[in-house]
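**Q** Sequence plus the predicted model coming up.
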Amino acid sequence: MQTLNLKKLPDESFKIIREVGKLADEKKIPVFLVGGMVRDLILGRKSLDIDIVVEGDAVLFASNLVKRLKEKPHKVLAHKKFGTVAIELLNGVGLDIVTARRESYARPGVLPDVVPGLIADDLFRRDFTMNAVAASLNTPEFGAIYDNFDGYADIQNKIIRVMHYRSFIDDPTRILRAVRYEKRFDFKFETKTLAVLKESMEENAFRSITPVRYFGEFKRILQEEDPRSMLKRLSSMDGLRFFVYDKGVEAGFNEVIHSSLKGDARWMSFFSVLIAALDRESAEELLVSFNMPRIDKARILKRLL
Ligand code: CTP
């Protein structure tokens, strides 16, 4: 069995996953590190957030974990019904703990029905093979790779591949994620993945998701170091839905890129540039349909004056 050298993770992350592994051993339940941190470790990139899958009760597991963490978390948010716990550590790092689950979609675009499952089920419900590699945290096989869908090879070969070809119809926000990964990592689409992505755009896939869900994922593009190539790509496939990305907008983006803005001020400036290209009435309607907090809405509108 192939093993990932988890010791290569930054010290703070390693300490936490070691603690997770020890608790898993004590409770005798299989526990795994999954998603972005595994992918980024294989790519040799740094990532902060830790995603844990437990073949058992994640809420109970997380409450036991919190008791034994030396540094108490800043925030803990548990959803008993979904079997998920989001923990925010003091240094801002996120630690997500979820019960392994199987998902099915009753209708395109709606949130999935969920039942508990095994790690293989949990990997299968994910967006792309690059995010569907797990590393065991239980002591006898600490770091052992669970790679049912050949994600490891896809990461090494820099390939974006969906787990199954209904993926973008089930969850169209994955179109935005795909473009974000393509440009962030300089990955290439597997031929059929790109074909089904384009097909789902032709079928107007975004129709089935609310503006709030669209914006939740779109915002993550604006939070990237350099969103320009992502927006260009989306624009070329008619995926901007509410916005335009033309020469004028690009000039606005260039200014923000060359500014010293950081954090919220930075992505909000990108967002203001997009909003400013719309007429005032559509802009205000859009801000309402995105359900933006009043304070953010006010900040954006102020920038437009
Ligand atoms: N995921 C998914 N479909 C979505 C959103 C998320 O399958 N629409 C899965 C992916 O497997 C992803 C995991 O949930 O790895 C966690 O999501 P997120 O935090 O958005 O991804 P990360 O990989 O942690 O973050 P990033 O990709 O930005 O580094």
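**A** Thanks, I have the structure now.
**Q** Would you verify that E103 is located in a strand?
**A** Yes - assessed by DSSP: H, G, I helix; E, B strand; the rest coil, E103 belongs to a strand.
**Q** Outline the domain layout of the chain.
**A** 6-157, 167-304 (automatic domain parsing).
**Q** Would you mind putting these into TSV with mean neighbour count alongside?
**A** Placement of C-beta: from N, CA and C, glycine included. TSV is the format used below for these (neighbours: other Cβ atoms under 10 Å):
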stretch	mean neighbour count
domain 6-157	18
domain 167-304	16
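**Q** can I get those domains in CSV with mean pLDDT?
**A** Below are these laid out as CSV (pLDDT from 0 to 100):
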stretch, mean pLDDT
domain 6-157, 94
domain 167-304, 93
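**Q** wait, which of the ones you listed is closest to the ligand?
**A** domain 6-157 (2.8 Å; Cβ to the nearest ligand atom).
**Q** just to revisit the earlier point, and the domains of the chain as JSON lines, adding distance to the ligand?
**A** Listed next are the domains of the chain as JSON lines, based on distance: least, Cβ to the nearest ligand atom, whole Å:
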{"stretch": "domain 6-157", "distance to the ligand": "3"}
{"stretch": "domain 167-304", "distance to the ligand": "5"}
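**Q** Tell me which helix or strand the residue nearest in space to the middle of the chain sits in.
**A** For the chain, R177 is the residue whose C-alpha lies nearest the centre (Cα atoms, centre = their mean; 7.3 Å). If you go by DSSP states H and E, R177 is part of helix 173-185.
**Q** which helices and strands does that helix pack with?
**A** strand 159-160, helix 167-170, strand 188-189, helix 191-202, helix 211-222, helix 228-236 (3 or more Cβ pairs under 8 Å, 6 or more residues apart in numbering; DSSP states H and E).
**Q** Reformat those as CSV; add distance to L95.
**A** As requested, the helices and strands packed on helix 173-185 are exported to CSV (distance: least, Cβ to Cβ, whole Å):
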stretch, distance to L95
strand 159-160, 26
helix 167-170, 27
strand 188-189, 31
helix 191-202, 30
helix 211-222, 19
helix 228-236, 27
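**Q** got a list of what P211 touches?
**A** For P211, the contacting residues are F242, L286, S289, F290, N291, by Cβ atoms under 8 Å, 6 or more residues apart in numbering.
**Q** wait, the fourth one sits on E217?
**A** No - counting by Cβ atoms under 8 Å, F290 stays clear of E217, with 11.8 Å between them.
**Q** residue contacts, F270?
**A** With contacts defined as Cβ under 8 Å, 6+ apart, F270 is in contact with L222, P227, F253, V256.
**Q** nearest spatial neighbour of T3, skipping sequence neighbours?
**A** Excluding its sequence neighbours, the residue lying closest to T3 (Cβ to Cβ, 6 or more residues apart in numbering) is G143, at 4.5 Å.
**Q** can you check L222 too?
**A** Closest residue to L222 apart from its sequence neighbours, by Cβ to Cβ, 6+ apart: W267 at 4.2 Å.
**Q** which SSE is the one you found in?
**A** Element membership of W267 [criterion: DSSP H and E] is helix 263-276.
**Q** got the angle between that helix and helix 211-222?
**A** Orientation check (axes from the mean of the first three to the mean of the last three Cα atoms, to 10 degrees): helix 263-276 against helix 211-222 gives 120 degrees.
**Q** List of residues touching whatever helix or strand comes next after helix 263-276?
**A** Remark: after helix 263-276, the chain's next helix or strand is helix 280-289, criterion DSSP H and E. Contact with helix 280-289 is made by P211, V212, F242, I275, A276, L278, K297, I300, L301, L304, as judged by Cβ under 8 Å, 6+ apart.
**Q** Taking helix 263-276 as reference, get the angle to helix 280-289.
**A** Using the same axes, to 10 degrees: helix 280-289 against helix 263-276 is 140 degrees.
**Q** what's the distance between helix 280-289 and the middle of its chain?
**A** On the basis of Cα atoms, centre = their mean, to the nearest Å, helix 280-289 sits 26 Å off its chain's mean C-alpha point.
**Q** One more: stretch 259-270?
**A** What separates the centre of stretch 259-270 from the centre of its chain is 20 Å, taken as Cα atoms, centre = their mean.
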